[in-house]
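**Student:** Let's see this in three dimensions:
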Amino acid sequence: MSNRSESVKVVVRIRPLSTKEKQDGRTYIVFSKPAEGEISLNNPESDDREPPKKFTFDASFGPDSAQMDVYNLAARDIVESAVDGFNGTIFAYGQTGAGKSHTMEGYNDPPELRVTS
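**Tutor:** So this is what the prediction gives:
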């Protein structure tokens with residue numbers, strides 16, 4: 001048995017707007033700074049004097065991020081360790097419509113995380 005261990009990573013991904021959201025004229029109020037692992041949240045009801053709320057994670061991805069970028073940073077090490085016989089878990093959490101399925105299943109092109117793994 002190995003003593004290999006790793007801390008839990010928290011990775012956030014902003015999902016793309018849906019076709020309906022675009023048709024309804026919706027815009028993003030959440031923005032990502034991937035290099036800093038930061039997400040900022042703008043209050044659409046406030047005036048410009050209220051600064052955005054900022055949250056920092058191990059990594060963050062914007063709506064245009066590629067499936068492979070998310071996989072390489074968030075899942076690859078876990079999958080490779082599982083193939084080597086270690087336990088590993090990828091836990092997707094969020095409310096309905098938040099983008100969990102988009103991240104884990106993706107589109108047919110590019111391949112989703114399940115097929116990539």
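
**Student:** ok, for the residue minimising distance to the centre of the chain, nearest residue in space, not its chain neighbours?
**Tutor:** Closest to where the C-alpha atoms of the chain average out (Cα atoms, centre = their mean) is residue 13, at 2.3 Å. Nearest non-adjacent residue to residue 13, counting by Cβ to Cβ, 6 or more residues apart in numbering: residue 61, 4.2 Å away. Just so you know, the C-beta spots here come from the backbone N, C-alpha and C atoms, and that holds for glycine as well.

**Student:** just the CA coordinates of the lengthiest helix in the chain, formatted as PDB?
**Tutor:** Criterion DSSP state H: the longest helix present in the chain is helix 76-83. Output of helix 76-83 as PDB, limited to C-alpha atoms (Å, rounded to 0.1, in the frame of the first residue of the first chain):
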ATOM      1  CA  ARG A  76      -5.700  13.800 -15.700                       C
ATOM      2  CA  ASP A  77      -3.700  13.100 -12.500                       C
ATOM      3  CA  ILE A  78      -6.700  11.500 -10.800                       C
ATOM      4  CA  VAL A  79      -7.400   9.300 -13.800                       C
ATOM      5  CA  GLU A  80      -3.800   8.300 -14.200                       C
ATOM      6  CA  SER A  81      -3.500   7.400 -10.500                       C
ATOM      7  CA  ALA A  82      -6.700   5.300 -10.800                       C
ATOM      8  CA  VAL A  83      -5.300   3.400 -13.700                       C
END
